[in-house]
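A.B. asks: Just need the structure, nothing else, for what follows:
(chains A, B and C)
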Amino acid sequence: MPARATRAKGGDRTKIPLKGPLSLKHTLDCGQAFRWRRRGDWYIGVVGGAATKVRVVGRWLEARSNPRLEPDFFHRYFRLDDDLEEIYECISMDEPIRRAVTAYRGLRLLRQDPWECLASYILSIASNIPRISGAIERLSETYGVRVELDGWSGHKFPSPTAIQLAGPEALSRHGLGFRARYLFDAARAVVEGEVDLKRVAGLPTEAAREELMACMGVGPKVADCVLLFSMDRLEVFPVDRWVRRGVEELFFNGERLSEGAVRGWGVERYGRCAGYAQQYIFHYIRHIGARPPAGLSLRRPKPHSERRRAT
DNA sequence: GAAGGGCCTTTGAG
DNA sequence: ACTCAAAGGCCCT
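C.D. replies: Alright, predicted model coming up:
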């Protein structure tokens, strides 16, 4: 269902009509994608193999890209086929979600590229958003193809082949830490056909999760993120420390719950809209702040002999 | 077999 | 310069 859209003479400008709300700020800054940067009223990034900038003007999404991307690409990427009003009704059964929906109205899940999504969330393991973004940029600059638009240049996300060719040692020199071998192994598995992402995308959700978790370094959380953000599984509920903390505080009065318990709770409670509920909870708890993670007081300092030498 | 703890590397931020 | 925490996963108990 290609959206009705117009195109300027230049050839690279596209306008897509918006039926429901779309907030680029909340959609692109909520931590589901790591490569968008704000520049004035535009967001610039590299998607679909193209240097791209997007902005919302009135009831239209305006995009420029090089090479040119079809309107349908943006329609799919921004999930403009999701009926947000209906989804809000589906998840707004309690106060915290209602507050989040009010605050982040127009936040949409994205339909990302499966390989980039898998690699990005492998890099996210025990990391933080600024660091993840940095690692992805360094890898792209080193191993990704350069693309340009309006005097700005970016780099495509590296192909699995490029990552495999680089090898784990070279990868770790970009500050990936222990994630370097996880990323390398995932690339190797994809290149060698051990994991066929196109095929996985067509499997039933449980089977797809199992296949993804066959990769070294991919557990339930990373698998759920890939399923949610790149394989159309809105019924999954990825649980990281923030979502866990958020559910404990907002819904269970601070009671400690296991990761699995939180996941089961979310899937059961929000059903086919669980993914949206998860993203609004994630964004919300990060903004309002939360108690320090459990275990902080139990942390033992590293022996001094093991600390990094000053240079 | 589920549950929980130690450990894995290094970064960006305060 | 120093400390802390980070969109987890693996391995062992």
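
A.B. asks: can we go C-alpha only for contacts and neighbour counts from here?
C.D. replies: Noted.

A.B. asks: Contact residues of chain A facing DNA strand C?
C.D. replies: Chain A comes close to DNA strand C at residues A:30-32, A:121, A:124-130, A:213, A:215-223, A:238-243, A:278-279, A:282, A:292-293, A:296, A:301, A:310, as judged by Cα under 7 Å from any atom of the strand.

A.B. asks: mind listing the helices for the stretch 101-250 of chain A?
C.D. replies: Assigned by DSSP state H, counting those that start in this stretch, the stretch 101-250 of chain A shows helices spanning A:114-123, A:129-143, A:160-172, A:179-191, A:197-202, A:205-213, A:220-230, A:241-251.

A.B. asks: what's the most buried one of the ones you listed?
C.D. replies: Mean neighbours per residue, mean count of other Cα atoms under 10 Å, is largest over the helices of the stretch 101-250 of chain A for helix A:220-230, with a mean of 25.

A.B. asks: what's the burial count for residue A:288?
C.D. replies: Residue A:288: 8 surrounding residues under other Cα atoms under 10 Å.

A.B. asks: For DNA strand B, give me its nearest residue in the stretch 1-150 of chain A.
C.D. replies: residue A:131 (3.9 Å; Cα to the nearest atom of the strand).

A.B. asks: And that residue, what's its pLDDT?
C.D. replies: We have a pLDDT of 98 for residue A:131.

A.B. asks: Which of the helices of the stretch 101-250 of chain A sits closest to residue A:272?
C.D. replies: helix A:220-230 (11.2 Å; Cα to Cα).

A.B. asks: Residue A:79 looks like it's in a helix, true?
C.D. replies: No - with DSSP: H, G, I helix; E, B strand; the rest coil as the criterion, residue A:79 is coil rather than part of a helix.

A.B. asks: separation between it and DNA strand C?
C.D. replies: 15 Å (Cα to the nearest atom of the strand, to the nearest Å).

A.B. asks: isn't that residue right next to residue A:109, touching?
C.D. replies: Yes - contact status for residue A:79 versus residue A:109: in contact at 6.7 Å, counting by Cα atoms under 8 Å.

A.B. asks: Around whichever residue of the stretch 201-311 of chain A sits closest to DNA strand B, count how many other residues there are.
C.D. replies: Per Cα to the nearest atom of the strand, residue A:258 is where the stretch 201-311 of chain A lies closest to DNA strand B, at 5.0 Å. Using other Cα under 10 Å, residue A:258 has 11 neighbouring residues.

A.B. asks: Same question for the one 10 residues further on.
C.D. replies: Using other Cα under 10 Å, the number of residues around residue A:268 comes to 14.

A.B. asks: how far is the strand or helix carrying it from where the chain is centred?
C.D. replies: Taking DSSP states H and E as the definition, residue A:268 sits inside helix A:259-270. Helix A:259-270 sits 20 Å away from the centroid of its parent chain (Cα atoms, centre = their mean, to the nearest Å).
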